[in-house]
Each structure stands twice: as structure tokens, then as C-alpha cells.
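# only the shape, not the letters, is given here:
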């Protein structure tokens, strides 16, 4: 089983997503990634926020713990609300190295009322996001 932590970062009625374009598909994901050895879900969330967005975050509550089998392996997603953050938004981490025309990562603020129209990955997270903002 692979564990990942994700972050729900909100500002001015908007939520931060990666707009992804990969293999001809367009979808959205919230920042976060897999846990490294010895990390708690909280430690991974803080590290991933810094790596991917350049934000230093204060975590709020654990919103959801979601089991996901969409990639042929079982993953546990820990989704944290971010209570505050500082820093200037900038794409970082492995996403910068992988960013290409065929596999793009673009940080975008999406108005909450538009979330119900997005294709969000993984699917279990999409259901939770649409419940929250639908």
C-alpha cells in the first residue's frame, strides 16, 4: 500500500490545483504526494507543499482519509486543510523536471463554484471535492 498526503489550499473563494495535461487527457489534482520512509502524513503534507508550491503551510484538520485503487494499487490519501500559508507560489520539485508539452503541470486558482465541473484525480477525491463544493 502506498500512502500519499494532499493539501486543500484556499484563498479568496478559490482552491489551488495543478491543471494537468498528460497523454492527451486534461484533469486537476491538488498539491501533494507520496510519503517518504519514516514520514507521518502531516510531515509529508508540509514537505510536499514546500516542494510543489513553494508555500510554507500550517496544517488544519485532516479532512478525509480516502482509499483509492484507481492505478492498480491500493493507496491511502490523507487530505489536509491548510489553515495558513506564506511564500510566493512557484512550481517546484519533480514536477518542474517532468513538466513538458506532453505532461504539463500548471498551478491554478479555481473558483469554488467551478470545482463541480472539473475532472479531478483520483476519482475518490473528486467525489469528496464535489460534495464539499458542489
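Now that the structure is in, tell me what you want to look at. Because the structure is predicted, anything quoted here is derived from the model rather than measured.
# run the chain-centre distance for the biggest helix by length in the chain.
Across the chain, the longest stretch assigned as helix under DSSP state H is helix 41-53. A distance of 10 Å separates the C-alpha centroid of helix 41-53 from that of its chain, computed with CA atoms, centre = their mean, to the nearest Å.
# next one: stretch 77-86
10 Å.
# circling back to that earlier point, mind listing what's buried in the helix or strand immediately after the longest helix of the chain in the chain?
As assigned by DSSP states H and E, the chain's next helix or strand after helix 41-53 is strand 56-68. The neighbour-count check on strand 56-68 (16 or more other CB atoms under 10 Å) flags 57, 59, 63, 64, 66, 68 as buried. To be clear about C-beta, it is placed using only N, CA and C from the backbone, and glycine gets the same treatment.
# chain neighbours aside, what residue packs nearest to the fourth one?
In space, residue 64 comes closest to residue 79 once its chain neighbours are excluded; the distance is 4.5 Å by CB to CB, 6 or more residues apart in numbering.
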